[in-house]
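S.K.: Predicted model and sequence follow; I will ask about them next.
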Amino acid sequence: MIPVLHTQGLTKLYGQHPGLIEANLTIPAGRVVGLVGPNGAGKSTLLGLISGMHKPTHGTIHVLGNKPAANAHQLARVGFVAQDTPVYPTLTVADHLKLGAKLNKTWDHHLAQRRINQVGLNPNHKAGRLSGGQRAQLALALAAAKRPDLLIFDEPVAALDPLARRQFLQNLMEFVSELNVTVILSSHLLSDLERVCDYLILLAAAKVQLAGEVDDLLATHFRLTTTPTTSTTSHPNSTSSPPTTPTDTPPSSPDAPPPHPSPTPSTPNASTSKTWSSPT
Ligand SMILES: Nc1ncnc2c1ncn2[C@@H]1O[C@H](COP(=O)(O)OP(=O)(O)OP(=O)(O)O)[C@@H](O)[C@H]1O
């Protein structure tokens, strides 16, 4: 099967300044990919390269088997939602749906309408008057109604409060299971994405530090926390520091997004709160 993303030595320089250095990535189809790293790590640069907004300085990149944004068909296969969920403030929710239908040949009006109803958005409300969470839901419905094969979100939950974040991720997971789409989500914080992604890319200082299936990464490198009454279990390969208490990462935190519905089997430990230790 053709990978959703395949890069070799992918490098983007802004003048002399590195945005991304020598990235080698192969992401299989059907994953929810967490792209995580601190400020300036290169997340937006990589997403810009995938969507075709940036051109590589050197190296190669193939998205769904083709060069990014190579033609109209390729553009239609990739949905991109930039930071701050851009919408047109003076247009109503219904206007956004009409615009989406005009601009996209593959537009699924039924899907868009159904999702708008399900999340309780009033079609007559202007986008400029929606809350951050409602804007995110609108942007998600618009992106999904394009029926893309790859859906990209740059920092989708950064500006949302815990409840809106949870609702957004829940809706996203519903789309994923309904549409069979690959999703790439970026965030500064692994904790934002860890329960929804099944593939992880860690970036720092413009370089890929770690990439792979979450289950594989967990199998080789993780630390578990258990209830206070039982002893803490460490993976034999783990070189992590002393165990954390459950209060460090409460499983029932209101901040915790819903579990990923992917058919990919999770590790037996995946429902236990987990803490990533630094890659070695
Ligand atoms: N237009 C630009 N001109 C010059 N340098 C840039 C430009 N865009 C990004 N950079 C630099 O490239 C590096 C990667 O930036 P990028 O925006 O991709 O990181 P990021 O992980 O998305 O950061 P953030 O989380 O803050 O959005 C940073 O050092 C940044 O300063």
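M.R.: Happy to help now that I have it.

S.K.: Excluding chain neighbours, what is closest to residue 148?
M.R.: Spatial nearest neighbour of residue 148, excluding adjacent residues (C-beta to C-beta, 6 or more residues apart in numbering): residue 79 at 3.8 Å. C-beta: built from backbone N, CA, C; applies to glycine.

S.K.: Enumerate every residue touching that neighbour.
M.R.: By C-beta atoms under 8 Å, 6 or more residues apart in numbering, the contact set of residue 79 is 143-144, 146, 148, 150-152.

S.K.: secondary structure element for it?
M.R.: Using DSSP states H and E, residue 79 sits in strand 78-81.

S.K.: Buried ones in the helix or strand just after that strand, by neighbour count?
M.R.: Next helix or strand after strand 78-81 toward the C-terminus (DSSP H and E): helix 93-103. Buried positions in helix 93-103, judged by neighbour count with 16 or more other C-beta atoms under 10 Å: 93, 96-97, 100.

S.K.: about what we covered before: which residues does the residue nearest to residue 148 form beta bridges with?
M.R.: residue 151 (DSSP bridges).

S.K.: isn't residue 96 right up against residue 140?
M.R.: No. Judged on C-beta atoms under 8 Å, residue 96 makes no contact with residue 140 at a distance of 11.9 Å.

S.K.: show me what contacts the residue positioned nearest the centre of the chain?
M.R.: In the chain, the centroid-proximal residue (C-alpha atoms, centre = their mean) is residue 185; its distance is 1.4 Å. Neighbour list for residue 185: 32-35, 153, 156, 172, 193, 196-197 [criterion: C-beta under 8 Å, 6+ apart].

S.K.: now swap in residue 101 and tell me
M.R.: Counting by C-beta under 8 Å, 6+ apart, residue 101 has contacts 107, 109.

S.K.: and it, how far is that from residue 73?
M.R.: Distance, residue 101 to residue 73, using C-beta to C-beta, to the nearest Å: 18 Å.

S.K.: quick one: the helices in this protein?
M.R.: 43-51, 72-77, 93-103, 109-118, 132-145, 162-179, 190-193, 214-220 (DSSP state H).

S.K.: rewinding a little: show me the contacts of residue 185 that map onto strands.
M.R.: If you go by DSSP state E, those have 32-35, 153 in strands.

S.K.: Can you tell me which of those is nearest the ligand?
M.R.: Proximity of those to the ligand (C-beta to the nearest ligand atom) peaks at residue 35, which lies at 8.6 Å.

S.K.: hang on, isn't the closest one packed against residue 49?
M.R.: No. Assessed by C-beta under 8 Å, residue 35 is found out of contact with residue 49, at 11.9 Å.

S.K.: Flag every residue of the stretch 51-200 of the chain that's near the ligand.
M.R.: Contacts of the stretch 51-200 of the chain with the ligand, taken as C-beta under 6 Å from any ligand atom, map to residue 188.
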